[in-house]
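**Q** Here is my input, please return the structure:
(chains A and B)
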Amino acid sequence: MNIKDVEKLAELARIELSLEEKESLLKDFDSILAYVDTIKSAEVGEVELKYDLYNSWREDKLEPRQFSHELIVGQFPDSQYGFLKVKKIL
Amino acid sequence: MIDLKSLTIEKAHADLTNGVFTCRELVEEYIKVIKEKNKDLNIYLEIFSDALTEADKAQEKITKREGGLLTGIPVAIKDNILFEGHTVSAGSKILENYRASYDAFVIKKLKEEGAVIIGRTNMDEFAMGSSTEYSAYGPTRNPLDPSRVPGGTSGGSAAAVAAEMALVALGTETCGSVREPAAFCGVVGLKPTYGALSREGIIAMGNSLDQVSPLGKTVRDAEIVFNALSKHDKEDSTSVPEELRGKIQNENKREDRRKIGVPWHLFKDDLNEVIMANFKESLEKLKKSGYDIVDIELPYAKYSLAVYYIVMPAEVSTNLSRFDGIRYGFHSEGRDLLDVYRKSRAKGFGAEARRRILLGTYVLSHGYYDAYYNRAVKIREKIKEEMRNAFTEVDFILTPTAPFLPFKLGEKLDDPVSMYLCDLFNAPANLTGTPSIAVPSGFTPEGLPFSIQFTAPHFKEEWLFEIGKKFEGIR
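**A** Residues are numbered from 1 along each chain as shown, chains lettered A, B, ... in the order given. Take a look at the predicted model:
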């Protein structure tokens, strides 16, 4: 991994980093990846993933909820007419 | 003056019922200790202002003889559990001042029981760490030795129980985050079966691993809390329905549960000497009281922690994408929307959270997905398989809870991997969803606690309580 890779990851993860932070992360990743790379020596062969899971749906109908509308709207960093206000995208 | 040290849930319940003291007096006693010690130890982030009113409500129930075992019992909760109207920050600046808009399922259950939630405890930011030093609100200190860490990430909750600042506490585990601090603070910590306790209303870290986990001074206390909270919740799609729990329990009935498997090969070569000596002593004690100790091989388990450090960051990077400065929490102005995201996330997240978000982004990225994430998922499946096989031969798997004794503050801060290694023995239970309990097993001459950890098959918490209580009697 090099500093360009860290920059790409930061871009994907939407996190602004200073040069110093990038360098320190690069150093950390070297040791973390060296540790997790031990999985490369594991002989796994063909593994059939047994997902004994199933989707747990509920009917799409309105049910009373505990959510407090005021508490949610009150915590928006910016709002107007009770709606969340964001910067324009296009 | 109430003797908090010798207090258990059952004793407190008896004393409350018999009018030896009232709920308010009990809660006040704990708050007194908190006020005395919290400045130095930084265990609580907040004492809830409604704790005493809740205590009075619990008292009414007790007076009317309507209460249960948990009515009026002071409980501390980790700062990542939603309690309506109260601040919940996950130890992060990005959620500073965030107020929960609903109750987590486990909080609803505690309220139904009439337990008194007295405050929220410190934790590593977003439950990432092993020492509670990665909190945006400063580190918590170990009440047994304030120069040392209490473990983490539920370090505040474990320390609260150890320091008589709460009778019991809730933490959460993703990988050892309750068992390791329980070991460091000399208390009991139970990581339940994945799917036993609802994750609804818990600030998610790794969805396939997270589990709410009780802490107490005794195995019985952890058991009482577990029994009150272990219920199906339809709001959590991974919460196991009651009929399935019954089915799993009936499948694996064993009258005689005396066989303990020890995977020696995982730690015999490089374990800290004093921890090894204590572990061997504990084994001898178990042997003397009639348990069979056998050597077992778990060849894939040695990859557990490496697998965990791929699966978890992958889940973290997706989970934490919701914290973007738009809907709630910390917001930093920028020239356009993208800039707001980048600045809010840069200033809102601490170093370890950023590290794991980027690491997760890496292992999931095109070109690395197969080598890391996909491979890790396959090894995880292998670990599950070998654990299932092991449990056809033995009833319990036993290891030390942590490979280290509580270390000094700052000791591991510059080396992420050495911090990660604290959870070396905890990872198999989280990856496989099996229940596991950390039980204190003595002290060093300097007064630092030892702990051993029993793991059992899925939904066999009952077995863990049984052997845990036996061990408490012989240690």
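**Q** Residue numbers of the stretch 151-300 of chain B in contact with chain A?
**A** Residues of the stretch 151-300 of chain B lying close to chain A by Cβ under 8 Å from any Cβ of the partner chain are B:234, B:237-238, B:300. Every residue, glycine included, has its C-beta placed from N, CA and C.
**Q** Now the terminal residues of stretch B:388-403, how far apart.
**A** For stretch B:388-403, the first-to-last residue distance is 24 Å (Cα to Cα, to the nearest Å).
**Q** Report the buried residues of it.
**A** Across stretch B:388-403, burial judged by 16 or more other Cβ atoms under 10 Å in any protein chain shown covers B:390-391, B:394-403.
**Q** model confidence over that stretch, on average?
**A** Average pLDDT, stretch B:388-403: 97.
**Q** residue contacts, the residue nearest the centre of chain B?
**A** Closest to where the C-alpha atoms of chain B average out (Cα atoms, centre = their mean) is B:Val178, at 2.5 Å. Each residue near B:Val178 by Cβ atoms under 8 Å, 6 or more residues apart in numbering or on different chains is listed here: B:154, B:157-158, B:171-172, B:189-191, B:213-215, B:438.
**Q** Roughly how far does it sit from chain A?
**A** Note on B:Val178: its distance to chain A, by Cβ to the nearest Cβ, to the nearest Å, is 23 Å.
**Q** confidence score at that residue?
**A** On pLDDT, B:Val178 comes in at 98.
**Q** now the one 4 residues further on
**A** pLDDT recorded at B:Ala182 is 98.
**Q** wait, it sits on B:Ile452?
**A** No: taking Cβ atoms under 8 Å as the definition, B:Ala182 is not a contact partner of B:Ile452, at 11.1 Å.
**Q** For B:Ala351, give its distance to A:Asp28.
**A** Applying Cβ to Cβ, to the nearest Å, the value for B:Ala351 to A:Asp28 is 9 Å.
**Q** So for those two, which sits in the more crowded spot?
**A** For the pair B:Ala351 and A:Asp28, the greater number of neighbours falls to A:Asp28 (20 against 15), based on other Cβ atoms under 10 Å in any protein chain shown.
**Q** Could you verify that the more buried one is part of a helix?
**A** Yes: checked against DSSP: H, G, I helix; E, B strand; the rest coil, A:Asp28 lies within a helix.
**Q** How about it: what's its closest non-neighbour residue?
**A** Distances taken as Cβ to Cβ, 6 or more residues apart in numbering or on different chains put B:Pro416 closest to A:Asp28, at 5.3 Å, once the chain neighbours are dropped.
**Q** do the same with B:Glu29
**A** B:Ile2 (4.8 Å).
**Q** Also B:Phe349?
**A** Of all residues not flanking B:Phe349 in the chain, B:Ile94 sits nearest, at 5.8 Å (Cβ to Cβ, 6+ apart).
**Q** now the residue nearest to B:Leu337 when sequence neighbours are not counted, what's its secondary structure?
**A** Using Cβ to Cβ, 6+ apart and skipping residues adjacent in sequence, the residue nearest B:Leu337 is A:Lys87, 4.4 Å away. Classification of A:Lys87 using three-state DSSP returns coil.
**Q** how deep is A:Lys87 tucked in, by neighbour count?
**A** By other Cβ under 10 Å, neighbour count at A:Lys87 equals 14.
**Q** Next, it: phi, psi?
**A** Phi and psi for A:Lys87, reported as degrees, to the nearest 10, are phi -70, psi 160.
**Q** hang on, the earlier thing: ok, the residues of the stretch 151-300 of chain B next to chain A vs B:Asp221, which is closest?
**A** Checking these against B:Asp221 with Cβ to Cβ, the nearest one is B:Thr238 at 26.2 Å.
**Q** For B:Leu448, see how far away the closest one is.
**A** If you go by Cβ to Cβ, the gap between B:Thr238 and B:Leu448 works out to 37 Å.
**Q** cool, B:Arg345 as well?
**A** Applying Cβ to Cβ to B:Arg345 and B:Leu448 gives a distance of 38 Å.
**Q** out of the two, which sits in the busier spot?
**A** More crowded of B:Arg345 and B:Leu448, by other Cβ under 10 Å: B:Arg345, with 25 against 18.
**Q** pLDDT score for the closest residue in space to the more buried one that isn't next to it in sequence?
**A** Once flanking residues are discounted, B:Arg345 sits nearest to A:Ile15: 4.7 Å by Cβ to Cβ, 6+ apart. pLDDT recorded at A:Ile15 is 97.
**Q** sorry, back to before: out of the buried residues of stretch B:388-403, which comes closest to chain A?
**A** Of all the buried residues of stretch B:388-403, B:Pro403 has the smallest distance to chain A: 14.4 Å, by Cβ to the nearest Cβ.
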